[in-house]
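> Fold the following.
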Amino acid sequence: MTIKYDHPEFREALFHLSRELDMPDRVHAPIRNLVDCSLGRIFWNDWLRQDAQDAEWMPTPGDHEDPEWHRIDGWPERGDGATHRKWSRRAALWMQWNSVDAWHVCDWLITAVADGHPWLANVDANGHPKKLMKCGTLERLVHEATKGLRQRDLREIVLGPEDEIFVLDLGAGHTLVQLLSRSALRAEGMRMHHCIGRGSYDELLGDPDVGFYSVRNENGKPLATLEIRGGFIRQFRGPTNLEPTDAVKDLVASAIDAFEWKDWRDRPRSATDEDYGDEALAILRDLPPARRRPG
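Numbers count the residues shown, from 1 in each chain. Coordinates of the predicted model:
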């Protein structure tokens, strides 16, 4: 499907997708155009296909037995601001359903720009990298992202006690380690094949409300990475941003109990509540959880 970049709602749609991606501006700015022509393009086309079927309501994707239905037209009966409400709602829904994959793609784009990957210079007539434009689905983007992250430099980094510290014995020889420095984040990212060490999290290292943790096996090999913000588990991912295994989840359960960490879906969310009436907020509260990953 050919995207119409001059569509009057296109920039509105990208704005709300960008807000749901929840990246600091200094991290988002270098990859903004890449996000727009990859995730943004697919996000837009996904909704064009949905509008061709039903522009007012849609069921939860993949739920074929008794799906939950979602209002997606922006409640035009409420008057001005329907376009804003529509794309805010659609971006929130899309990220609820696709956040794991979307963040995986962002990881790859951040790493590609930081490392100067050659494919960035191979562009089409509009200046968009051909590698991204050939991806017509989110699944294809994820495939390319996984390949790209696996090709990173795996040089070892020597760490000291000022870089990471033991936090908790998880049992069966496994431990939880807190990452305290940029070097620790960089080593974790290189060993786990995600972009936690590419600089996008450095500014959070001194924030007392933010913590980065690594689950290690008996040989010190990282099995999963966690980001905790304000006592909520914001991200919990395995190698190359895959879902942690059930065994690792069971190990981390003891840390969740010990530190009273809560699920990210239970955090207060007031940033966009003003966009919705009581009936819409009731729907938002019932959405499935967004699952995020280290970036």
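> confidence score at the spatially most central residue of the chain?
Within the chain, the residue whose C-alpha comes closest to the C-alpha centroid is residue 103; the distance, by C-alpha atoms, centre = their mean, is 2.9 Å. Per-residue confidence for residue 103 comes out at a pLDDT of 83.
> Now find how far off-centre the host helix or strand of it is within its chain.
According to DSSP states H and E, residue 103 maps onto helix 82-115. Mean-position distance between helix 82-115 and its chain equals 7 Å (C-alpha atoms, centre = their mean, to the nearest Å).
> Start from the N-terminal end of this protein and give the helices.
For the chain, the helices identified by DSSP state H occupy 10-21, 25-28, 32-35, 41-53, 82-115, 130-133, 138-150, 182-192, 246-259, 278-285, in order along the chain.
> Would you mark the buried spots in the helix holding residue 103?
When neighbours are counted by 16 or more other C-beta atoms under 10 Å, the buried residues of helix 82-115 are found to be 85-112. Where you see a C-beta, it was placed from the backbone N, CA and C, and this is true even at glycine.
> how many neighbours does residue 208 have?
By the other C-beta atoms under 10 Å criterion, the neighbourhood of residue 208 contains 6 residues.
> Any chance of a markdown table for the helices of the chain, columns distance to residue 74?
What follows is those, written out as a markdown table (distance: least, C-beta to C-beta, whole Å):
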| stretch | distance to residue 74 |
| --- | --- |
| helix 10-21 | 10 |
| helix 25-28 | 25 |
| helix 32-35 | 23 |
| helix 41-53 | 12 |
| helix 82-115 | 3 |
| helix 130-133 | 29 |
| helix 138-150 | 23 |
| helix 182-192 | 39 |
| helix 246-259 | 37 |
| helix 278-285 | 10 |
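> any idea of the pLDDT on residue 195?
Residue-level confidence at residue 195 comes out at 71, pLDDT.
> Next one: the residue nearest to it when sequence neighbours are not counted relative to residue 177, how far apart?
Once flanking residues are discounted, residue 195 sits nearest to residue 107: 4.2 Å by C-beta to C-beta, 6 or more residues apart in numbering. In this structure, residue 107 lies at 21 Å from residue 177, with C-beta to C-beta, to the nearest Å as the measure.
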